[in-house]
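>>> sequence and predicted structure, then a few things I'm wondering about:
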Amino acid sequence: MRKGFVLVSALLVVWLAARAAPAAAQGATPPGPVTDDDVNRVAKLLYCPVCENIPLDVCPTQACIQWRATIREKLEAGWTEQQILDYFVTQYGERVLARPSTRGINILVWIIPPVVLAAGAFFLWRYLKSMAPAKSGAALAVPANEPPTDEYTRRLEQELKRRF
C-alpha cells in the first residue's frame, strides 16, 4: 500500500513539473504592444510640468504629450513603473510626483495634516465640553431651609413666592 502511495506521489510531482515548464517559458516572452491604458497608469502618478495640480494623463499641453510619448517609449523598452518615475524625478525633481515620497523632509507632508486634525478635534471637544451645562445642577441650587444671605436675594424670593 505504501509503495503505491509513493508511486502515485512521484507521478504527480513529475506531471506538475512538466506542466509548469511551459508556463515558465511563457513568462519570458516579451509583452504585447503598450496601450494608452498602460501609459495613463504611469501618467496618473505624475503632474504636468507646465500647469499646476493637473495630472499628466489629462493635461492637453504639448509638454504633457511629449512626456506621455516618453513614457510609452520607456514602457516599450521594458522599463518598470518605478524606473520611469525615478527617471522623471531625476530630470525634473520631486515636484512632478502626484504623491510625494515619504523620505526626508517630505515625511512632514504625511504627518502634519493628521496631527493638526487630531489636535483640532481634541481642542474642539474640550471647548464643547466646557460649554455644556452642569449635569445635576446641585452646585447651583440653594438649600430650601436656609434664608437668603443678601437683601436683594431675600426680596426676590419673597416676590416670587407671592406671585406664584
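The structure has been received and is ready for your questions.
>>> contact partners for C64?
Neighbour list for C64: A43, C48, P49, V50, L56 [criterion: C-beta atoms under 8 Å, 6 or more residues apart in numbering]. (Glycine included, C-beta is placed from N, CA and C.)
>>> just the buried residues of those.
A43, C48, P49, L56 (16 or more other C-beta atoms under 10 Å).
>>> a markdown table for those residues, including secondary structure and distance to L108?
Converted to a markdown table, the buried ones among the contacts of C64 look like this (DSSP: H, G, I helix; E, B strand; the rest coil; distance: C-beta to C-beta, whole Å):
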| residue | secondary structure | distance to L108 |
| --- | --- | --- |
| A43 | helix | 27 |
| C48 | coil | 24 |
| P49 | coil | 24 |
| L56 | coil | 25 |
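>>> which two of the residues you listed have the greatest separation?
Spatially, the most separated pair among the buried ones among the contacts of C64 is A43 and P49, at 12.2 Å (C-beta to C-beta).
>>> list the residues that contact both of the two?
C64, W67.
>>> quick check: R41 vs Y127, distance?
R41 sits 46 Å away from Y127, going by C-beta to C-beta, to the nearest Å.
>>> okay, stretch 73-91 in PDB with CA atoms only?
What follows is stretch 73-91, C-alpha atoms only, in PDB (Å, rounded to 0.1, in the frame of the first residue of the first chain):
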ATOM      1  CA  GLU A  73       9.000  54.600 -25.200                       C
ATOM      2  CA  LYS A  74      10.200  53.600 -21.800                       C
ATOM      3  CA  LEU A  75       7.500  51.100 -21.400                       C
ATOM      4  CA  GLU A  76       8.200  49.600 -24.800                       C
ATOM      5  CA  ALA A  77      11.800  49.300 -23.800                       C
ATOM      6  CA  GLY A  78      10.800  47.300 -20.800                       C
ATOM      7  CA  TRP A  79      11.200  49.800 -18.000                       C
ATOM      8  CA  THR A  80       9.100  49.400 -14.900                       C
ATOM      9  CA  GLU A  81       6.700  52.000 -13.500                       C
ATOM     10  CA  GLN A  82       9.100  52.800 -10.700                       C
ATOM     11  CA  GLN A  83      12.100  53.200 -13.100                       C
ATOM     12  CA  ILE A  84      10.000  55.700 -15.100                       C
ATOM     13  CA  LEU A  85       9.000  57.700 -12.100                       C
ATOM     14  CA  ASP A  86      12.700  57.700 -10.900                       C
ATOM     15  CA  TYR A  87      13.700  59.000 -14.400                       C
ATOM     16  CA  PHE A  88      11.300  61.900 -14.200                       C
ATOM     17  CA  VAL A  89      12.300  62.700 -10.600                       C
ATOM     18  CA  THR A  90      15.900  62.800 -11.700                       C
ATOM     19  CA  GLN A  91      15.200  65.000 -14.600                       C
END
